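Asks: structure of the sequence below:
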Amino acid sequence: MTRIAVLLLTLLLPGLGRAEAVLDAIHARGVLRVGTTGDYKPFTFRNADASYVGADIDMARRLAAALGVGVAFVPTSWGHLNDDFAAGKFDIAMGGVTNLPARVALGPFSRTTFVDGKRPIVRCGDRDRFASIAAIDRPEVRVVVNPGASNEDFARANFPHAALTVYPDNVTVFDEIAQGREDVMVTDGIEVDHQAAMHKSVLCPAAVPAPFTRLEKAYWVRRDADLERLVGVWLDGEIASGGWQRTLDAALAAP
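Replies: Numbers count the residues shown, from 1 in each chain. Below you'll find the model as predicted:
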């Protein structure tokens, strides 16, 4: 049985009443609207020509194909993601989105695609200096963070004594550390490793013994029982086949 046949079979099972008509709207317009920030490699990145690349961008295209529709990427930001989701600007949010209680209150998440945790990225000469929260939370330490969502929340909760800068661009924020204007940023570990690889010998992961937190990445779906089930069946297939891991590995290897 093909994957699409399995998806269609899910809709035909008895007792699967629709919570909302999101899936109907997707099929009516012939397009799956995917909200994505475009600033979080390796999951999502918006190029200068407005095209998108990244592991979750490739997955979004495959999900749309499984649903038999096209795909449209809807720009959002971490600071506005929850409001844009609640306003119905897109059908699903993809691109390294963390499963958080405030988000779950607005709509369900798929199964976890990646388990991560917050870690610091620093200049390579400081990798042993900033190996704990206490070492970072000092008045002379310049902490930079992108606005909105979990990174800013973590910094404000854990570094009340540090000099905190909220920097508006999540793409160039790492250059602030590389060029010596800031000292450290605490973000998701996969982003730390990817940015360290991109800024080789300049930026490094701090030598922390373990991540400061545990977090789970997943796809955030607007509330519709059938859409949630379809995404689940499709994602189960991608994970079981190794398709998701191959896609993530390819994105991690990209510049």
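Asks: when you work out contacts or count neighbours from here on, use the C-alpha atoms and nothing else.
Replies: OK.
Asks: from the chain's centroid, how far away is stretch 196-214?
Replies: 18 Å (CA atoms, centre = their mean, to the nearest Å).
Asks: ok, and for it, which residues are buried?
Replies: Of all the residues in stretch 196-214, those buried under the rule 16 or more other CA atoms under 10 Å are 196-197, 199, 202-208, 211-212.
Asks: where does the residue nearest to Asp39 when sequence neighbours are not counted sit: helix, strand or coil?
Replies: Setting aside the residues directly before and after it, Asp39 is nearest to Phe45 in space (CA to CA, 6 or more residues apart in numbering), at 4.9 Å. Classification of Phe45 using DSSP: H, G, I helix; E, B strand; the rest coil returns strand.
Asks: list the contacts for Phe45?
Replies: 37-39, 52-54 (CA atoms under 8 Å, 6 or more residues apart in numbering).
Asks: could you rerun that using 6 Å?
Replies: If you count contacts by CA atoms under 6 Å, 6 or more residues apart in numbering, Phe45 has them with 38-39, 52-54.
Asks: do Arg127 as well
Replies: Contact analysis of Arg127 by CA under 6 Å, 6+ apart lists 206-207.
Asks: now with 7 Å?
Replies: 204-207 (CA atoms under 7 Å, 6 or more residues apart in numbering).
Asks: what segments of the stretch 1-150 of the chain are helices?
Replies: 3-12, 22-29, 55-67, 81-86, 101-104, 133-136, 149-158 (DSSP state H, counting those that start in this stretch).
Asks: name the stretch among these that sits most buried.
Replies: helix 55-67 (a mean of 21; mean count of other CA atoms under 10 Å).
Asks: continuing past the strand or helix carrying Glu228, what's the next helix or strand?
Replies: Here Glu228, judged by DSSP states H and E, is contained in helix 225-241. Following helix 225-241 in sequence order, the next helix or strand is helix 243-253 (DSSP H and E).
Asks: in that next one, what counts as buried?
Replies: 244-245, 247-248, 251-252.
Asks: kindly state the pLDDT recorded for the nearest residue to Ile136 once chain neighbours are set aside?
Replies: Closest residue to Ile136 apart from its sequence neighbours, by CA to CA, 6+ apart: Phe130 at 5.7 Å. With respect to pLDDT, Phe130 scores 98.
Asks: cool, Pro14 as well?
Replies: pLDDT, Pro14: 39.
Asks: check contacts around the spatially most central residue of the chain.
Replies: Compute the mean C-alpha point of the chain, and by CA atoms, centre = their mean the closest residue is Gly96, 1.3 Å away. Counting by CA under 7 Å, 6+ apart, Gly96 touches 43, 217.
Asks: for the stretch 51-200 of the chain, what spans make up the strands?
Replies: Residue ranges of the strands in the stretch 51-200 of the chain, as given by DSSP state E, counting those that start in this stretch, are 52-53, 70-75, 92-93, 114-116, 118-123, 142-145, 163-166, 184-188.
Asks: give the buried residues for the last one.
Replies: It stands for strand 184-188. Neighbour counts over strand 184-188 (16+ other CA under 10 Å) mark 184-188 as buried.
Asks: in JSON lines, list those residues along with pLDDT.
Replies: Listed next are these as JSON lines, based on pLDDT from 0 to 100:
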{"residue": "Val184", "pLDDT": "98"}
{"residue": "Met185", "pLDDT": "98"}
{"residue": "Val186", "pLDDT": "98"}
{"residue": "Thr187", "pLDDT": "96"}
{"residue": "Asp188", "pLDDT": "96"}
